[in-house]
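Engineer: I'd like to go over a predicted model; first the sequence, then the structure.
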Amino acid sequence: MKNWEEKLNSFLSGFEHFGDVIGVLVCGSYITGNPTRHSDLDVHLILKDSVYYRERGNKVIDDLLIEYFANPPRQIFRYFEDDFHERTLMSQTQFATGKIMLDKTGDLTILKEKALEMIDTFYKNERETPSMSDLTKYLLWDMLDDLQDALETGKPDFDFLYFNSLSRMMAFYMQCINRPYNFKTIHGNVSDGTFRGRYLLRELPNATIRTLIAKSITTVNKSDRLVIYESLTKKILDGFGGFNIDDFKLKSDVAA
């Protein structure tokens with residue numbers, strides 16, 4: 001069985017536009033560690049800046065699924081900007097943690113350095129005072145209320161509602177404390193320092209919230225889950241000045 005580097009070379013030798021490729025970067029679990037039999041090989045192909053196309057696709061080489069993304073540098077910079085403003089840092093993390101296999105022009109090294117710079121800038125912004133809008137507080141309260149009703153009335157879709165609500169809560173919270181949110185990395189973020197280092201994540205600032213997040217994901221019993229979810233909601237709201245539904249009102253202008 002060929003190793004992943006040999007399979008990558010087989011893929012590159014057959015890539016239709018290889019003449020336009022000036023850089024190759026491999027990222028994901030084959031680089032950061034602990035790939036499984038379900039892991040694919042994530043490959044960024046950096047194209048000449050003169051091209052006017054981009055391409056993504058998949059190719060199986062000797063049972064290894066290669067997922068590739070071919071873009072000129074200017075398009076990668078656009079992805080960086082979009083992810084930075086959307087607070088995900090997904091593309092930056094891939095380039096910052098990825099392994100350079102080919103860099104004919106130095107553009108890939110520049111992209112990697114830019115990714116690291118943007119990650120550092122993103123986390124520096126957390127020094128600003130975190131805040132949560134009254135509307136977000138209401139939405140957190142409302143999701144908890146809906147879950148309490150779903151459990152008490154025995155709704156068959158409780159589990160579906162629970163995990164969707166938990167993901168929305170995490171998205172709201174992470175945005176308010178200026179942290180990137182990816183539902184696939186949240187448990188590792190709150191429970192494993194090695195995992196955080198692997199993906200350049202920063203530990204969440206509140207130890208109690210970290211513990212409650214981990215328990216809310218792994219607890220099996222529905223009633224216990226809801227108790228943890230309620231505690232997590234309260235802890236997050238208390239951290240932003242609390243919330244009283246009896247005092248809530250939101251006034252705004254009507255559309256012109």
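Structural biologist: Ah, there it is.
Engineer: remind me which residues of the stretch 1-150 of the chain are low pLDDT?
Structural biologist: Where the stretch 1-150 of the chain drops to pLDDT under 70, the residues are 1-2, 126-129.
Engineer: for Gly23, which residues count as its bridge partners?
Structural biologist: When bridges are called by DSSP bridges, Gly23 pairs up with Ile46, Asp103.
Engineer: okay, now it: neighbour count?
Structural biologist: 24 (other Cβ atoms under 10 Å). The way it works is simple: take the backbone N, C-alpha and C, and place the C-beta from them, glycine included.
Engineer: check contacts around Lys48.
Structural biologist: With contacts defined as Cβ atoms under 8 Å, 6 or more residues apart in numbering, the neighbours of Lys48 are Asp20, Ile22, Pro72.
Engineer: Leu25 should be in a strand, yeah?
Structural biologist: Yes: checked against DSSP: H, G, I helix; E, B strand; the rest coil, Leu25 lies within a strand.
Engineer: identify the residues contacting it.
Structural biologist: So, once contact is read as Cβ under 8 Å, 6+ apart, Leu25 ends up touching Val43, His44, Ile46, Gln94, Phe95, Gly98, Lys99, Ile100, Met101, Leu108, Lys112.
Engineer: part of a strand, is Ile217?
Structural biologist: No: looking at Ile217 with three-state DSSP, it is helix, so not inside a strand.
Engineer: helix or strand for the nearest residue to it once chain neighbours are set aside, which one?
Structural biologist: Spatially, and ignoring its direct neighbours in sequence, Ile217 is nearest to His187 (5.2 Å; Cβ to Cβ, 6 or more residues apart in numbering). Per DSSP states H and E: His187 is located in helix 186-191.
Engineer: domain ranges for this structure?
Structural biologist: 4-126, 134-247 (automatic domain parsing).
Engineer: Serialize the ones you listed to a markdown table and add fields for distance to Asp253.
Structural biologist: A markdown table is the format used below for those (distance: least, Cβ to Cβ, whole Å):
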| stretch | distance to Asp253 |
| --- | --- |
| domain 4-126 | 26 |
| domain 134-247 | 15 |
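Engineer: could you pull out the helices in the chain for me?
Structural biologist: For the chain, the helices defined by DSSP state H cover 4-13, 29-32, 73-85, 90-97, 107-124, 134-152, 158-176, 186-191, 193-198, 207-218, 222-239.
Engineer: against which helices or strands is the last one packed?
Structural biologist: When contacts are defined as 3 or more Cβ pairs under 8 Å, 6 or more residues apart in numbering; DSSP states H and E, helix 222-239 packs onto helix 134-152, helix 158-176, helix 207-218.
Engineer: ditto for the fourth one
Structural biologist: In terms of contacts (3+ Cβ pairs under 8 Å, 6+ apart), helix 90-97 is packed against strand 21-27, strand 41-47, helix 73-85, helix 107-124.
Engineer: tell me which of those lies nearest to Gly154.
Structural biologist: helix 73-85 (41.0 Å; Cβ to Cβ).
Engineer: buried sites along that closest one?
Structural biologist: Buried residues in helix 73-85, counted by 16 or more other Cβ atoms under 10 Å: Pro73, Gln75, Ile76, Tyr79, Phe80, Asp83, Phe84.
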